[in-house]
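A.B. asks: here's a sequence, model it:
(one chain, ligands or ions: 2)
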Amino acid sequence: MNNSWGAVIVAAGRGTRMGYAESKQFLLLQDKPIFIHTLEVFSRVSRIKELIVVTGAADVARCEEWIHKFGLEDQVRVTAGGSERQDSVYAGLKELTSDYVLVHDGVRPFVTPDLIESCMEAAMEHGAAVLAVPVKDTIKQVNEEGIIMSTPDRRSLWSIQTPQAFRLSALLEAHERAKQEAFLGTDDAMLIERLGKQVKVVEGRYTNIKITTPDDLDYAVFMQKRGE
Ligand SMILES: Nc1ccn([C@@H]2O[C@H](COP(=O)(O)OP(=O)(O)OP(=O)(O)O)[C@@H](O)[C@H]2O)c(=O)n1
Ligand SMILES: C[C@](O)(CO)[C@H](O)COP(=O)(O)O
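C.D. replies: Ligands and ions are numbered 1, 2, ... in the order given. Here you go, the predicted model:
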């Protein structure tokens with residue numbers, strides 16, 4: 001079995017929860033767009049031979065310009081995404097020819113090569129793997145009236161991150177099934193899980209945040225200053 005690797009970096013969201021006119025993946029951290037920081041980490045993992053950025057159709061040209069400006073043009077291709085994250089991932093998958101794929105949020109710039117590689121190793125052993133961290137808070141299930149219904153055992157709860165790694169053929173099949181059945185998931189592992197397949201959880205790091213809201217951006221600036 002061959003083990004060639006590609007990666008899809010999704011960067012086609014609007015950043016509604018961030019609340020800025022500019023999409024959050026294009027905001028600058030130390031004079032560099034957030035998605036470029038993310039791409040630079042992936043470009044340092046030598047086993048990844050195909051690197052696709054998925055962005056909004058109207059942003060393809062400026063993404064290509066940034067990719068050129070930061071010297072990544074030999075490693076990275078850009079394609080247009082869709083209205084949901086899942087559509088964007090699918091658009092990226094269709095560009096790949098590798099045996100395995102990593103899917104990663106363009107707005108998780110603090111991932112590191114060692115985390116990416118540990119996810120890749122686990123996917124080659126188990127077929128599918130995701131990074132995650134154990135939840136630190138007590139989690140409650142709450143009903144529409146704001147009343148606590150249950151307290152799940154925290155020892156079995158993990159906060160799921162990206163990258164998420166899969167055999168490309170399996171993830172394409174899972175996306176096509178989800179599309180046919182009008183199922184929309186919040187991550188790619190869900191699409192594999194619903195086909196009855198196992199996904200291995202690999203312990204990541206709390207610093208691998210997704211920049212979602214303005215407080216995450218403050219934390220990202222702090223992390224950059226600290227040299228993460
Ligand atoms: N149609 C979409 C929606 C999201 N994403 C990407 O998926 C990642 C995680 O999504 P999220 O944090 O939800 O980003 P947004 O959709 O931009 O944010 P919001 O939900 O607040 O609008 C981001 O890198 C985002 O650019 C994407 O490529 N295509
Ligand atoms: C894929 C993901 O980053 C895993 O935590 C997350 O599910 C994306 O979710 P969002 O709804 O797009 O924030």
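A.B. asks: where in the protein is pLDDT low?
C.D. replies: Within the chain, the stretches with pLDDT under 70 are 1.
A.B. asks: spell out the residue ranges of the strands in it.
C.D. replies: 5-11, 28-29, 32-33, 48-55, 76-80, 100-105, 128-134, 141-142, 148-150, 158-167, 200-203 (DSSP state E).
A.B. asks: pairing partners for the fourth one, with directions?
C.D. replies: Each strand pairing with strand 48-55, determined using DSSP bridges, is listed with its direction: strand 5-11 (parallel), strand 76-80 (parallel).
A.B. asks: same deal with the longest one?
C.D. replies: For strand 158-167, the paired strands and their directions (DSSP bridges) read strand 100-105 (antiparallel), strand 128-134 (antiparallel).
A.B. asks: same list (those strands) but as TSV, adding distance to Q180.
C.D. replies: For the C-beta atoms, the positions are set from N, CA and C on the backbone; glycine is no exception. Shown next, in TSV, are the strands paired with strand 158-167 (distance: least, CB to CB, whole Å):
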stretch	distance to Q180
strand 100-105	20
strand 128-134	20
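A.B. asks: can you list those strands in TSV and add mean neighbour count?
C.D. replies: Shown next, in TSV, are the strands paired with strand 158-167 (neighbours: other CB atoms under 10 Å):
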stretch	mean neighbour count
strand 100-105	26
strand 128-134	21
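A.B. asks: and ligand 2, which of the strands paired with strand 48-55 is closest to it?
C.D. replies: Ranking the strands paired with strand 48-55 by proximity to ligand 2 (CB to the nearest ligand atom) places strand 5-11 first, at 8.6 Å.
A.B. asks: list the contacts of that closest one.
C.D. replies: 23, 25, 35, 38-39, 42, 47-55, 63, 81, 85, 88-89, 92-93, 95-107, 120, 163, 168 (CB atoms under 8 Å, 6 or more residues apart in numbering).
A.B. asks: ditto for stretch 69-81
C.D. replies: 10-12, 32, 36, 39-40, 43, 50-57, 60, 63-64, 67, 87-88, 91-92, 95.
A.B. asks: and if you look at stretch 119-139?
C.D. replies: Residues contacting stretch 119-139 (CB under 8 Å, 6+ apart): 3, 5, 45, 47, 100, 102, 111, 115, 118, 151-152, 154-155, 157-167, 170-171, 187, 189, 192, 197-206, 208.
A.B. asks: can you give me the end-to-end distance of that stretch?
C.D. replies: Stretch 119-139 stretches 26 Å from its first residue to its last (CA to CA, to the nearest Å).
A.B. asks: can you name the residue of this structure nearest ligand 1?
C.D. replies: G13 (2.0 Å).
A.B. asks: list the contacts for the one residue sitting closest to the centre of the chain?
C.D. replies: Nearest to the mean C-alpha position of the chain, by CA atoms, centre = their mean, lies H104 at 2.3 Å. Neighbour list for H104: 7-10, 38, 42, 111, 116, 162-164 [criterion: CB under 8 Å, 6+ apart].
A.B. asks: could you rerun that using 6 Å?
C.D. replies: 9, 162-163 (CB atoms under 6 Å, 6 or more residues apart in numbering).
A.B. asks: name the nearest residue to I211, ignoring sequence neighbours.
C.D. replies: Nearest residue to I211 in three dimensions, chain neighbours excluded: V107, at 4.4 Å (CB to CB, 6 or more residues apart in numbering).
A.B. asks: near ligand 2, which residues of this structure are found?
C.D. replies: When proximity is defined by CB under 6 Å from any ligand atom, the chain lies next to ligand 2 at 85, 105, 160-162, 186-187, 210, 212.
A.B. asks: what's the closest of the residues you listed to Q224?
C.D. replies: Of all the residues of the chain next to ligand 2, K210 has the smallest distance to Q224: 15.8 Å, by CB to CB.
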